[in-house]
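Q: Fold the stuff below for me.
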Amino acid sequence: MVVEQRGPQSAPPGRSPQRRRLLGLALLVAGLAAVAVLSLVIGARSLTPAEVWQGLFGDPGTDQQLTEITLIVHTLRVPRTVLAIVAGLALGMAGAVIQGHTRNPIADTGLLGVNSGASFAVVLSIALFGLRSPVQYLWFALLGAAAAGVVVFGLSSLGRGAGNPLTLVLAGQGVTIFLAAMTTAVALGNTQSLDVLRFWNAGSVQGVGYDVIGTASAFIAVGIVLALVNLPALNLLNLGDDVARGLGVNVLAGRTVGVVAVTLLAGAATAACGPIAFLGLMVAHVARWITGPDYRWMVPYAGLLGSVVLLLGDVVGRLVVRPAELQAGIVIAVIGAPFFAALVWLGKFRQA
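A: Numbering: from 1, shown residues only. A predicted model of the protein is given here:
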């Protein structure tokens, strides 16, 4: 009798890459947790992990030192850590989604005029109403970001180039330039607006309370849901509008959902901590290099990478000019500019 010998069965196609991607997500989450611990420990006054734990969960009682540690942890370190994670997640996801919808590998979250719309609304609200608190002009920043996104999308939907990604890019650049000029004009005529704009434009997660974080997080949560729902359509839209339409995708609806998601994500993050340049652009390219062009994986990777990079930038900013601090947006720009130049020099831009 002949016995048929079988070799080891190979894994079904696609299982191994999927496992690697899941492992990568797990490693990113672990890395984010490690950087979050650093964020709680490092500052003008360094704390040990044990002191941070005591400050988070312990009862200081009448101990003056423990009371001071509890105050530092709860009012300074935890809010900025949470904001960096939430804003980084939003900006990273928004950067990947906007590159997909415009099929433009150098697109970032400022492309829809979201950043400039938020800046203009903040300056205008301070000049007209004398607002001083971040929680007050947060709503104006959100409104300005949303209005800019609506105008850009509306302009790109007119004429013979309606719905074309190139039309969206051109409309975004036009609105951005106009709003930047208007912001400068208002700020130069109002000293209070100029003072706030100088700090806000640097991009910082410092000094923001839970009221601002909670409001921004609600909008970001809606944006995340819309972005994730939009991912299958986004993959098909990158095959070309005609192909996507032939496969049953409603191109206008898919692009509308994507633009709304980017507006909510980038608008809320920008309103809470100011514009963070290069972050969405950087992490989207790194995520694409790791996962390939499948947006179902690329967007979550970009979100987690955004959180890690922004939180790490905030930690580095506390160290380089200690005991003073350098805003996270400046640190990210210092990292992002050579990263962008390296991409151009190496010719590493891939079609989004």
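
Q: where does the stretch 201-350 of the chain have low pLDDT?
A: 344, 346-350 (pLDDT under 70).

Q: quick one: the helices in it?
A: Counting by DSSP state H, counting those that start in this stretch, the segments of the stretch 201-350 of the chain that form helices are 210-237, 241-246, 251-273, 279-291, 295-320, 328-346.

Q: Go through those helices and pick out the most buried.
A: Burial of the helices of the stretch 201-350 of the chain is given as mean neighbour count (mean count of other C-beta atoms under 10 Å); helix 251-273 ranks first at a mean of 26. C-beta coordinates here come from the backbone N, C-alpha and C atoms, glycine included.

Q: and of the helices of the stretch 201-350 of the chain, who's closest to Leu112?
A: Leu112 lies closest to helix 251-273 among these, at 6.2 Å (C-beta to C-beta).

Q: Who are the packing partners of that closest one?
A: helix 78-102, helix 114-129, helix 134-156, helix 210-237, helix 241-246 (3 or more C-beta pairs under 8 Å, 6 or more residues apart in numbering; DSSP states H and E).

Q: Format those as TSV; extra columns: distance to Gly172.
A: Supplementary listing: the helices and strands packed on helix 251-273 in TSV, determined by distance: least, C-beta to C-beta, whole Å:
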stretch	distance to Gly172
helix 78-102	8
helix 114-129	9
helix 134-156	5
helix 210-237	17
helix 241-246	18
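
Q: Looking at those helices, which is nearest to Ile335?
A: Closest among the helices and strands packed on helix 251-273, using C-beta to C-beta: helix 78-102, at 13.2 Å.

Q: Could you pull up the mean pLDDT of the closest one?
A: Mean pLDDT, computed over helix 78-102, is 94.

Q: mind checking how far the most centrally placed residue in the chain is from Leu76?
A: Among the residues of the chain, Leu91 comes closest to the average C-alpha position under C-alpha atoms, centre = their mean, at 1.0 Å. For Leu91, the distance to Leu76 equals 22 Å [C-beta to C-beta, to the nearest Å].

Q: before we move on, what about Leu237?
A: Distance from Leu237 to Leu76, by C-beta to C-beta: 43 Å.

Q: try Ser157
A: According to C-beta to C-beta, Ser157 and Leu76 sit 45 Å apart.

Q: go on, Leu158?
A: For Leu158, the distance to Leu76 (C-beta to C-beta) stands at 48 Å.

Q: picking up where we left off before, ok, the residue nearest to the centre of the chain touching Val114?
A: No: Leu91 sits out of contact with Val114 when judged by C-beta atoms under 8 Å, with a separation of 10.3 Å.

Q: Show me the common contact partners of these two, please.
A: Ala266 (C-beta atoms under 8 Å, 6 or more residues apart in numbering).

Q: Look at Leu158 and Leu76 and report which has more neighbours.
A: Neighbour totals were compared for Leu158 and Leu76, and Leu76 leads with 16 against 10 (other C-beta atoms under 10 Å).

Q: and the helices of the stretch 201-350 of the chain as a markdown table, adding distance to Leu179?
A: Formatted as a markdown table, those follow (distance: least, C-beta to C-beta, whole Å):
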| stretch | distance to Leu179 |
| --- | --- |
| helix 210-237 | 20 |
| helix 241-246 | 28 |
| helix 251-273 | 13 |
| helix 279-291 | 19 |
| helix 295-320 | 24 |
| helix 328-346 | 19 |
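
Q: So which of the ones you listed is nearest Leu22?
A: Among the helices of the stretch 201-350 of the chain, helix 295-320 comes nearest to Leu22, with 9.4 Å by C-beta to C-beta.

Q: Taking their axis directions, the closest one and helix 279-291 sit at what angle?
A: 130 degrees (axes from the mean of the first three to the mean of the last three C-alpha atoms, to 10 degrees).

Q: Check which helices and strands helix 295-320 is in contact with.
A: Going by 3+ C-beta pairs under 8 Å, 6+ apart, helix 295-320 lies up against helix 15-41, helix 78-102, helix 210-237, helix 279-291, helix 328-346.

Q: Format those helices as CSV; extra columns: distance to Ile69.
A: Below are the helices and strands packed on helix 295-320 laid out as CSV (distance: least, C-beta to C-beta, whole Å):
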stretch, distance to Ile69
helix 15-41, 11
helix 78-102, 12
helix 210-237, 19
helix 279-291, 31
helix 328-346, 23
